[in-house]
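Asker: Here's my sequence, what's the structure:
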Amino acid sequence: MYNRSLSYWQKDYYFPSLDVAIVGGGFTGLIAGIELLSRKPKVKVGLFEQQTHGTLASSRNAGFMCFGSPTELNADIIQFGEAEVLRVLALKATGYHTLLKHLAGNKRIYKKCPAYELFKAPSSDYGPMVESLPKLNALLSKGTGIESYYESHALSPSSHLQSIRFKKEGQLHPTAAVAALQRKFMNLGGIYHAGTTIAHWEAISGGYLLNTQNDEQVNCNKMIVANNAFATTLVSDYFVQPQRAQVLVTAPLKKLPYRGNFHMDGGYVYFRNIGNRLLLGGLRNTDFETEATDEIGLNANIQRKLDSLLIELLPNQSVEITHRWSGIMGFRKGTLPQLEVHSSGIVIAAGMNGMGTLLGPALGRKAALHVLNA
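Answerer: Sure, this is the predicted structure:
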């Protein structure tokens, strides 16, 4: 029986027997593939990404490289404890270093910037947050090596805002970063499948048999699931809750008082400059039920609220919106992100809880090391 759809050359190149198959072509999957091939150049690695252009999370996010705002970290400490927060901070530091290492030579993709958490004055939360800074700074120092990370700061653009300043954050062009990592992965010898969904898999002797949506098959010895919000579609007893995030971007503004990264409302609101444009996103906490979905689309209610917030942030300015979109994040219930090995032997690096820009590279690296050492 012969294959009528693929040539010999296509079948030979794209669907050989693999040492490692990676499902998910965002930061996590690409870094896993790059780390594998950098350490063991002869390993046969195939990566499968369901989107033809970019991804549903890594290349659609807001482009923040951040360790977390004080309100976010305090909330996580209350829910998970200091030890878990410290573990995740250390992972983020690893992810920050790993991502920049593999983007070396691509200076237009990333830049350092100032960052702030904002509070609408007067705020009953601001004083307690400032009081918590010494404890949080000690935790950041231990987890990331950065001293005196947070400081109270009077933000000048508006008398109606109080702020806490962060020592170090970054701004990323996420789609350009994904494209650069794709090139590096393929230059190292990785086989990249764009627009290819792994529909199902089965365990076979010595590995796994993967079937694509086009009924193509590929054998692999080991498998890494790195498709974040969609991990449950492949591993049914590993639950990840998809959560959609809404974003808008303005036309270039004559006067933009905000330069850098800004966080509000416990991390549920975030904005940054893109040159003289303003990117504003978030507010999914105002409609959790609708946004608990894996479908790309605009939530008109949240977009209207973002419009209203934009007027508050940029009073007395005529602002044109040029772009609106959404991305899909993945959340694990009751736990902070970590690398897990399924009972089937599949390595799972998914459910990044909205922190995939840094945790993705960190867990992708860990997945690669686990596969190589297993």
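Asker: Gly63: neighbouring residues, count only.
Answerer: By other CB atoms under 10 Å, 22 other residues sit near Gly63. Quick note: C-beta positions are derived from backbone N, CA and C, even for glycine.
Asker: Surely it and Val178 touch.
Answerer: No - between Gly63 and Val178 there is no contact under CB atoms under 8 Å: 11.2 Å.
Asker: Could I get the phi/psi values of Cys66?
Answerer: Here is the backbone geometry of Cys66 (degrees, to the nearest 10): phi -140, psi 150.
Asker: need the contact list for it.
Answerer: By CB atoms under 8 Å, 6 or more residues apart in numbering, the contact list for Cys66 reads Ala115, Phe166, Glu169, Gly170, Asn261, His263, Thr357, Leu358.
Asker: In three-state terms, label Gln246 for me.
Answerer: Put simply, Gln246 is strand when judged by DSSP: H, G, I helix; E, B strand; the rest coil.
Asker: shaky segments in the chain?
Answerer: Filtered on pLDDT under 70, the chain yields the residue ranges 1-4, 154-159.
Asker: which helices and strands does the longest helix along it pack with?
Answerer: When the chain is parsed with DSSP state H, its longest helix is helix 82-102. Here helix 82-102 touches helix 27-39, helix 70-80, helix 126-144, helix 174-187, helix 356-373, going by 3 or more CB pairs under 8 Å, 6 or more residues apart in numbering; DSSP states H and E.
Asker: For the stretch 101-250 of the chain, which segments count as strands?
Answerer: For the stretch 101-250 of the chain, strands defined by DSSP state E, counting those that start in this stretch occupy the ranges 110-120, 150-153, 161-172, 191-194, 198-204, 207-212, 217-225, 241-250.
Asker: JSON lines for the ones you listed, including distance to Arg277 and mean neighbour count?
Answerer: JSON lines is the format used below for the strands of the stretch 101-250 of the chain (distance: least, CB to CB, whole Å; neighbours: other CB atoms under 10 Å):
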{"stretch": "strand 110-120", "distance to Arg277": "14", "mean neighbour count": "19"}
{"stretch": "strand 150-153", "distance to Arg277": "24", "mean neighbour count": "16"}
{"stretch": "strand 161-172", "distance to Arg277": "12", "mean neighbour count": "21"}
{"stretch": "strand 191-194", "distance to Arg277": "28", "mean neighbour count": "19"}
{"stretch": "strand 198-204", "distance to Arg277": "37", "mean neighbour count": "14"}
{"stretch": "strand 207-212", "distance to Arg277": "39", "mean neighbour count": "18"}
{"stretch": "strand 217-225", "distance to Arg277": "36", "mean neighbour count": "21"}
{"stretch": "strand 241-250", "distance to Arg277": "5", "mean neighbour count": "21"}
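Asker: Dump the ones you listed to TSV, plus distance to Thr232.
Answerer: Putting the strands of the stretch 101-250 of the chain into TSV (distance: least, CB to CB, whole Å) gives the following:
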stretch	distance to Thr232
strand 110-120	31
strand 150-153	36
strand 161-172	27
strand 191-194	21
strand 198-204	13
strand 207-212	17
strand 217-225	10
strand 241-250	9
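Asker: so which of these gets nearest Val85?
Answerer: strand 150-153 (14.2 Å; CB to CB).
Asker: can you list contacts of that closest one?
Answerer: Contacts to strand 150-153, defined as CB under 8 Å, 6+ apart, come from residues Pro70, Tyr116, Val130, Leu133, Leu136, Asn137, Leu140, Ser163, Ile164, Arg165, Phe166, Lys167.
Asker: Note down every partner strand of that strand and its orientation.
Answerer: As defined by DSSP bridges, the strand partners of strand 150-153 come to strand 161-172 (antiparallel).
Asker: Dump the strand it pairs with to CSV, restricted to CA.
Answerer: Taking C-alpha atoms only, strand 161-172 is exported to CSV below (Å, rounded to 0.1, in the frame of the first residue of the first chain):
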residue,chain,number,x,y,z
LEU,A,161,-1.8,57.0,40.6
GLN,A,162,0.6,55.6,43.2
SER,A,163,3.2,53.2,42.1
ILE,A,164,5.8,50.6,43.0
ARG,A,165,8.8,50.5,40.7
PHE,A,166,10.6,47.3,39.6
LYS,A,167,14.3,47.1,39.0
LYS,A,168,14.2,44.9,35.9
GLU,A,169,11.7,43.9,33.3
GLY,A,170,11.8,43.4,29.5
GLN,A,171,9.7,44.0,26.5
LEU,A,172,9.6,41.4,23.8
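Asker: Could I get the contacting residues of the spatially most central residue of the chain?
Answerer: Nearest to the geometric centre of the chain sits Gly356, at 2.5 Å (CA atoms, centre = their mean). For Gly356, the contacting residues are Gly26, Phe27, Thr28, Ala57, Ser58, Asn61, Asn228, Met329, Gly330, by CB under 8 Å, 6+ apart.
Asker: Next, the last one: secondary structure please.
Answerer: By that I understand Gly330. Secondary structure assignment for Gly330 (three-state DSSP): strand.
Asker: Adjust the sequence numbering to begin at 8 for everything that follows.
Answerer: Right, with 8 as the first residue, what we last looked at is Gly337.
Asker: residue contacts, it?
Answerer: Listed by CB under 8 Å, 6+ apart, the contact set of Gly337 reads 64, 235-238, 247-250, 357-360, 363.
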